[in-house]
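Participant: Kindly return the folded structure for what I paste below:
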Amino acid sequence: MRQTLFTIAFLCISTIFYAQEDTVVKVHIPTEQKYEFTTVIDIEASAVKSQGNTGTCWSFSTSSFLESEIFRSSGKMIDISEMYNVRNAYMDKSWNYVMRQGKIQFSEGGLAHDVMNSVQKNGLQPEIAYSGLLGNAKIHNHAKIVPDLKEVLDAYIKNDKNSKHSNWKVAVDSILTVHLGTPSATFLYEGIEYNAMSFLKMTNIKPNNYITLTSFLHQPFHTEFVLNIPDNFSNGSFYNIPLNELVDGVDIALDKGYTLALDCDVSEKTFSSKYGVAILPNNPNETEKSLTYIVTEKDVTPEFRQEEFENFNTTDDHLMHIVGLVKDQNGTEYYKVKNSWGTNSNRIGNNGYVYMSKAFFKLKTISVMVHKDAVSDLIEL
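Facilitator: Residues are numbered from 1 along each chain as shown. Predicted structure coming up:
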């Protein structure tokens, strides 16, 4: 039987005519489709937490990443102390700020490698040993930490004779103790006594096994370089690969059962914790629509990505944790990204996760951290 297919699209409705001999059947199919996600890959991760009133997403995301790494290698889910890494990083930031005589950013921000640097030097502690919360506090609030630290550090740098904090190292430690408490030298975990270094050994985390991948055109590919972004106070190295390889690397890692720590820009209106999606619509008039309905997205080229980075439309706003892959009803894939803004809010949807389209990822990602074994075919070290 001969069949002819005609398609006429107008407004938001597609009309399909099926001509079969002397009978015409008209079927109306709406072109507006609400997202319907199904899981492709879902790797074990700890519960979503809230970073509270802090700029410490870098520690929450990387600690979550380490928790998944420990689970991958041991089958044990350990709740890592984010604030142990934060406290140690503040000491490193203070040293860096003093040695550069205040001519560098000093803030709550950081990057994934700052956690790894702290782990390498100071070990790890579990949350039950050190939470960084004092008294009856249940939410982290670091609003006063940086101002208090800067007051001491700036006075030292200016050689202020009237300053009562001539020993800035002691003063910094005292300020951190006031706001975050002091970690115990030893602690019990599951009935065994550890210190931070022996606990690290127990987890089998080796910081040198991790690499930070990025993709920019101002440096040669397959080489390491220091990315000049404000939060890279510790001059961490990034391994540069072509953009298509960066996406392939994430996909390969996830397929092998590895998660990734993600540094990206979330300032776009189409990054929505409320709706739990991050989309890059091709039509700017579809910004609001894209939070609920499938839209056509931008084709992101390496050149466009570079341009957006150099004009500061893409900055290192926020770090999160890629733990899986989902797809919509059309087969389009999105990364499942664990956020650190909690779950108990009218502004937080999708149980604290964000489904990030690959278009958004390609344009707005600064870098990802992953175990070297997951991407061994992409790196030439």
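Participant: CA only for contacts and neighbour counts going forward, please
Facilitator: Noted.
Participant: Show the average pLDDT along the helix or strand where Asn85 lies.
Facilitator: For Asn85, the host element (DSSP states H and E) is helix 82-99. Per-region confidence: helix 82-99 scores 96 on mean pLDDT.
Participant: Return the distance of the next helix or strand after it from the chain's centre.
Facilitator: Moving toward the C-terminus from helix 82-99, the next helix or strand (DSSP H and E) is helix 112-122. Mean-position distance between helix 112-122 and its chain equals 16 Å (CA atoms, centre = their mean, to the nearest Å).
Participant: what's the answer for stretch 47-59, then?
Facilitator: That offset, for stretch 47-59, works out to 11 Å (CA atoms, centre = their mean).
Participant: For the helix holding Asn85, which outside residues touch it?
Facilitator: 56, 59-60, 63, 103-106, 114-115, 118-119, 122, 124-125, 127, 130-132, 149, 153, 156-157, 169, 172-173, 176, 180, 183, 233-234 (CA atoms under 8 Å, 6 or more residues apart in numbering).
Participant: can you do 6 Å?
Facilitator: For helix 82-99, the surrounding residues in contact (CA atoms under 6 Å, 6 or more residues apart in numbering) are 59-60, 115, 118, 132.
Participant: Let me know the angle separating it from helix 112-122.
Facilitator: Taking axes from the mean of the first three to the mean of the last three CA atoms, to 10 degrees, one finds helix 82-99 and helix 112-122 inclined to each other by 90 degrees.
Participant: In helix 82-99, which residues are buried?
Facilitator: Applying a neighbour-count criterion of 16 or more other CA atoms under 10 Å, one finds 82-98 buried in helix 82-99.
Participant: For the stretch 151-300 of the chain, just list every one of the strands.
Facilitator: Under the criterion DSSP state E, counting those that start in this stretch, the stretch 151-300 of the chain contains strands at 186-189, 192-195, 210-214, 223-226, 237-240, 260-264, 271-272, 277-278.
Participant: Turn those strands into JSON lines, columns for mean pLDDT, mean neighbour count and distance to Ile78.
Facilitator: Output for these, formatted as JSON lines (pLDDT from 0 to 100; neighbours: other CA atoms under 10 Å; distance: least, CA to CA, whole Å):
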{"stretch": "strand 186-189", "mean pLDDT": "98", "mean neighbour count": "15", "distance to Ile78": "10"}
{"stretch": "strand 192-195", "mean pLDDT": "98", "mean neighbour count": "14", "distance to Ile78": "14"}
{"stretch": "strand 210-214", "mean pLDDT": "98", "mean neighbour count": "21", "distance to Ile78": "19"}
{"stretch": "strand 223-226", "mean pLDDT": "97", "mean neighbour count": "15", "distance to Ile78": "32"}
{"stretch": "strand 237-240", "mean pLDDT": "98", "mean neighbour count": "22", "distance to Ile78": "28"}
{"stretch": "strand 260-264", "mean pLDDT": "98", "mean neighbour count": "26", "distance to Ile78": "17"}
{"stretch": "strand 271-272", "mean pLDDT": "96", "mean neighbour count": "21", "distance to Ile78": "29"}
{"stretch": "strand 277-278", "mean pLDDT": "98", "mean neighbour count": "26", "distance to Ile78": "28"}
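Participant: wait, which of these is closest to Ala143?
Facilitator: Comparison of these against Ala143 by CA to CA identifies strand 260-264 as nearest, at 22.5 Å.
Participant: residue nearest the centroid of the protein?
Facilitator: In the chain, the centroid-proximal residue (CA atoms, centre = their mean) is Met320; its distance is 2.1 Å.
Participant: Report the secondary structure state of it.
Facilitator: Judged by DSSP: H, G, I helix; E, B strand; the rest coil, the three-state class of Met320 is strand.
Participant: That one bridge partners, please.
Facilitator: Legend: beta-bridge partners of Met320 under DSSP bridges are Leu262.
Participant: got the contact list for it?
Facilitator: Taking CA under 6 Å, 6+ apart, one finds 61, 262, 338-339 in contact with Met320.
Participant: All good on my end, thank you.
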